[in-house]
Structures are given as C-alpha cells and as structure tokens.
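Enquirer: This is the structure alone, sequence omitted:
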C-alpha cells in the first residue's frame with residue numbers, strides 16, 4: 001500500500017466518529033515541524049507568528065517547546081487579547097490605527113509591559129498620543145524595509161512594506177522615538193518576505209526556480225550588509241532588546257546573521273501547500289481539513305460540500321486549497337472551488353461513496369482557522385483534544 005493510501009486510512013480511522021466538514025492538526029507533524037524550525041534557527045529564539053496559527057492552544061504548544069519565545073501578532077486588538085490571556089511578550093508586526101486599542105494600552109501597566117507596537121512613520125506616534133488615556137510608556141519597534149532595489153530604482157523585489165529602506169531613514173525615526181516622551185524604542189524588525197515566503201523549487205518550472213534562487217541569493221547578501229549597518233547605527237541611539245528577522249522559508253539563512261537576535265516563523269508549524277517547494281527544507285503537512293462527498297454526478301466525478309477557501313495574495317490557482325487525499329483528485333477547470341459545493345475529477349473519485357471525507361490542504365496556514373471554529377487534535381490514530389480557533393472564541397481580528 002502506498003504512503004498516501006496509508007495516511008488516508010489513518011486519518012479516516014482517527015476521525016470516523018466525526019461528520020465533515022472539520023479541520024485537524026496532526027500533533028506529531030506539528031511537533032516535528034517545530035523541532036525542524038528550531039534546528040534551522042541555530043540556537044536563536046523563534047517568535048511564533050500568530051497570523052499563521054490563529055489558535056491559542058497551538059500557540060501555547062509551540063511556545064512550550066525549547067527554542068520558541070514570544071508572539072508576533074497581527075492586530076493591536078489581538079495583541080491586547082493575547083496579553084490579557086497570559087502571553088507575556090507580544091510584538092505587533094504591523095502598524096495600527098486602532099484608537100480604542102491604544103487607549104487601552106496606554107492606560108494599563110500590565111498590557112504596556114507585554115505588548116510592543118510597530119511603527120515606520122512619526123504619524124503613527126501621533127495616533128498613539130491622540131488616543132492616550134494614561135501615562136504608560138509604549139514599547140516601540142521599528143519596521144525596516146527589506147526589499148531589494150536595483151540601482152536607480154528601476155526594479156524592486158519584495159513587498160512594499162515600510163518606507164524605511166536605508167539606515168539613514170531608520171536612524172531618523174529612531175531619534176524621533178527616543179526624543180519623544182511616552183515611548184521607548186526596544187526593537188527592530190526586518191521581515192524578508194521575498195526570501196522567506198517564495199518557494200525556489202517549484203515542480204515543472206526549473207528555469208523559474210533557478211531564477212528565484214539566484215535572486216534570493218543576491219537579496220540575502222544585500223540585506224545582510226544593510227541590516228547589519230542599520231542595527232549598528234540604531235544601537236548607538238537606543239539599547240535594543242531584540243532584532244527580529246526571518247520567516248519559515250529563510251530561518252536558517254537569517255539565523256547566520258550576527259545582527260539578528262531572534263527569528264519569526266509560524267507557517268512552518270502547519271506547513272500549508274505553498275511551503276512544499278523549497279530546496280532548503282522539508283516539512284510535514286500538519287493542518288488539514290475534510291469535506292464530505294455529497295454527490296456522485298458520474299464516472300470520475302464527485303462533489304464535496306463547501307471548499308471555496310482561497311488564500312490571500314495575488315489571485316491564482318496556487319491560492320486554492322489542494323485536494324490531498326485520496327491522491328489524484330483535481331478541480332473542474334470550469335468550476336474551481338465553490339462556496340457551497342465543489343466538484344472534483346479523477347479516477348480516485350470512483351472509489352468514494354456518499355459521506356466519505358476528502359482531505360485538503362490550505363494554500364496558507366492560519367487562514368484555515370477563519371473557516372472553522374474548532375480544530376481536532378490528532379495523535380496517531382486518535383483525536384486527543386478539540387480546541388477552539390480564534391473564530392471559535394468569537395475573535396475575528398481581520
């Protein structure tokens with residue numbers, strides 16, 4: 001029996017008592033992925049990216065493992081909620097305009113001690129001050145742009161993220177923060193998404209993959225020098241507690257930079273399908289969802305309930321969930337993944353009966369948890385726990 005058949009049989013036995021749709025996280029795969037991230041981090045702590053997990057129980061599970069420390073959150077409201085729930089070190093990864101959140105943060109000593117906010121513009125400091133309800137000092141991290149820009153600005157590779165691209169721009173804002181009452185500069189973040197989030201070994205695309213590897217190699221060299229210069233300059237102005245960098249796809253490369261003190265990763269815990277195509281590491285699919293067969297329209301076709309769960313980013317085929325087990329199923333080119341039902345084609349369809357589960361992998365990680373209010377936790381062939389997602393706790397932050 002092939003590995004896909006064995007894996008499908010295991011998943012089906014473990015969840016035979018459940019009615020699909022449902023989501024699962026395989027704890028053995030989750031823990032193995034966590035250990036691999038720690039191995040690649042070379043002794044530097046990993047901050048868990050909550051947007052890629054979106055489940056408090058699994059955030060806590062990752063943080064209990066040696067090598068993980070702190071949370072990288074995605075909204076101010078989420079940051080405050082996690083801090084109130086006992087997470088002691090929460091770094092907000094994106095600037096915010098949440099007036100109510102800033103009012104709460106500046107008026108609560110415990111929250112102000114646990115949460116660090118992200119800025120890349122003096123106007124964001126103004127937003128904090130305009131919402132102040134107390135005198136609590138706000139911890140601040142600067143967001144440094146990592147994109148690769150060729151001379152003359154003709155080409156830019158990487159996200160349009162922070163306006164702070166040069167060390168000089170970063171230093172100017174650092175001086176503004178340090179001079180401003182009510183704020184304390186504690187960190188610097190530089191997330192290289194064009195390296196960490198782009199696969200360099202895409203099946204069937206050898207030329208594309210080679211170009212990606214060449215560009216990423218050049219981008220790593222350029223960023224390492226610019227990031228080191230920026231960190232040296234800012235440390236002359238403020239006593240930084242941390243310098244954060246990396247991502248699931250670049251952990252081992254960023255860990256090698258002396259200027260970086262901690263890494264960030266989250267997708268690598270679940271290993272969604274967009275992270276299958278990297279030459280530098282292999283993981284284990286840990287997060288899956290099952291949809292039930294509800295129709296058999298004809299030979300080689302089944303229809304499952306639901307399925308229209310596209311991932312964020314540039315719309316395309318690679319943003320759709322992937323039919324995983326049984327192996328060999330594919331979307332109908334004229335229907336795709338539907339909101340209410342999804343037809344699937346392939347010889348494997350003829351072996352499926354009404355009510356049988358079809359297993360899928362999401363294109364990205366935490367976005368799956370916006371579709372399900374609970375996650376079944378599997379250990380081998382048993383469901384050992386059921387835990388709420390953010391949605392299941394009534395928290396939809398974006």
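Expert: On my side now, so go ahead. These numbers were taken from a predicted model, which means no experiment stands behind them.

Enquirer: switch to C-alpha atoms for all contacts and neighbour counts from now on
Expert: Fine.

Enquirer: what residues are up against residue 311?
Expert: 319-321, 362-364, 367 (Cα atoms under 8 Å, 6 or more residues apart in numbering).

Enquirer: Which one (most neighbours) among the residues you listed?
Expert: residue 362 (27 neighbours; other Cα atoms under 10 Å).

Enquirer: Give me the spatial nearest neighbour of it, chain neighbours excluded.
Expert: Closest residue to residue 362 apart from its sequence neighbours, by Cα to Cα, 6 or more residues apart in numbering: residue 321 at 4.3 Å.

Enquirer: how near is that neighbour to residue 133?
Expert: 44 Å (Cα to Cα, to the nearest Å).

Enquirer: Sketch out the helices for the stretch 1-150 of the chain, chain order is fine.
Expert: Along the stretch 1-150 of the chain, counting by DSSP state H, counting those that start in this stretch, helices occupy 3-14, 27-41, 56-63, 76-84, 99-106, 109-114, 122-131.

Enquirer: and the angle for the fourth one with helix 99-106?
Expert: With axes from the mean of the first three to the mean of the last three Cα atoms, to 10 degrees defining the directions, helix 76-84 sits at 30 degrees from helix 99-106.

Enquirer: tell me the angle helix 76-84 makes with helix 56-63.
Expert: Using the same axes, to 10 degrees: helix 76-84 against helix 56-63 is 70 degrees.

Enquirer: from what I can see residue 119 touches residue 92, true?
Expert: No: the pair residue 119 / residue 92 is not scored as a contact, 9.5 Å apart, by Cα atoms under 8 Å.

Enquirer: neighbour-wise, which of the two wins?
Expert: Shown here are residue 119 and residue 92; by other Cα under 10 Å, residue 92 has more neighbours (26 against 23).

Enquirer: OK, contacts around the more buried one?
Expert: For residue 92, counting by Cα under 8 Å, 6+ apart, the contacting residues are 72-76, 79, 115-118.

Enquirer: Adding pLDDT and distance to residue 68, write the contacts of residue 311 out as a markdown table.
Expert: What follows is the contacts of residue 311, written out as a markdown table (pLDDT from 0 to 100; distance: Cα to Cα, whole Å):
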| residue | pLDDT | distance to residue 68 |
| --- | --- | --- |
| 319 | 87 | 29 |
| 320 | 92 | 30 |
| 321 | 94 | 28 |
| 362 | 95 | 24 |
| 363 | 91 | 24 |
| 364 | 91 | 21 |
| 367 | 91 | 22 |
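
Enquirer: And those residues, which is closest to residue 193?
Expert: Residue 193 has its nearest neighbour among those in residue 364, at 13.9 Å by Cα to Cα.

Enquirer: what's the burial count for residue 43?
Expert: If you count neighbours by other Cα under 10 Å, residue 43 ends up with 13.

Enquirer: what stretches of the chain score poorly on pLDDT?
Expert: Residues of the chain meeting the criterion pLDDT under 70: 1, 152-154, 196-197, 201, 207-208, 211.

Enquirer: Which strands border the longest strand belonging to the chain, and is each parallel or antiparallel?
Expert: Criterion DSSP state E: the longest strand present in the chain is strand 287-298. The pairing partners recorded for strand 287-298 under DSSP bridges are strand 22-26 (antiparallel), strand 301-305 (antiparallel), strand 357-361 (antiparallel).

Enquirer: Could you give the separation of the second one from the chain centroid?
Expert: A distance of 30 Å separates the C-alpha centroid of strand 301-305 from that of its chain, computed with Cα atoms, centre = their mean, to the nearest Å.

Enquirer: Repeat that for the first one.
Expert: A distance of 17 Å separates the centroid of the chain from that of strand 22-26, by Cα atoms, centre = their mean.

Enquirer: what's in contact with that strand?
Expert: For strand 22-26, using Cα under 8 Å, 6+ apart, the contacting residues are 270, 286-291, 372, 374-380.

Enquirer: one step back: the residue nearest to residue 362 contacts residue 291, correct?
Expert: No: taking contacts as Cα under 8 Å, residue 321 lies outside contact range of residue 291: 11.6 Å.

Enquirer: Need the overlap of contacts for the two.
Expert: Joint contacts of residue 321 and residue 291 (Cα under 8 Å, 6+ apart) are 307, 360.

Enquirer: For stretch 384-392, list every residue counted as buried.
Expert: 387-392 (16 or more other Cα atoms under 10 Å).

Enquirer: Apologies, that question was intended for stretch 254-269.
Expert: In stretch 254-269, counting by 16+ other Cα under 10 Å, buried: 254-255, 257, 259-269.

Enquirer: Output the residues you listed as TSV; include the columns distance to residue 169.
Expert: What follows is these, written out as TSV (distance: Cα to Cα, whole Å):
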residue	distance to residue 169
254	22
255	25
257	21
259	18
260	19
261	21
262	23
263	23
264	24
265	27
266	29
267	31
268	32
269	34
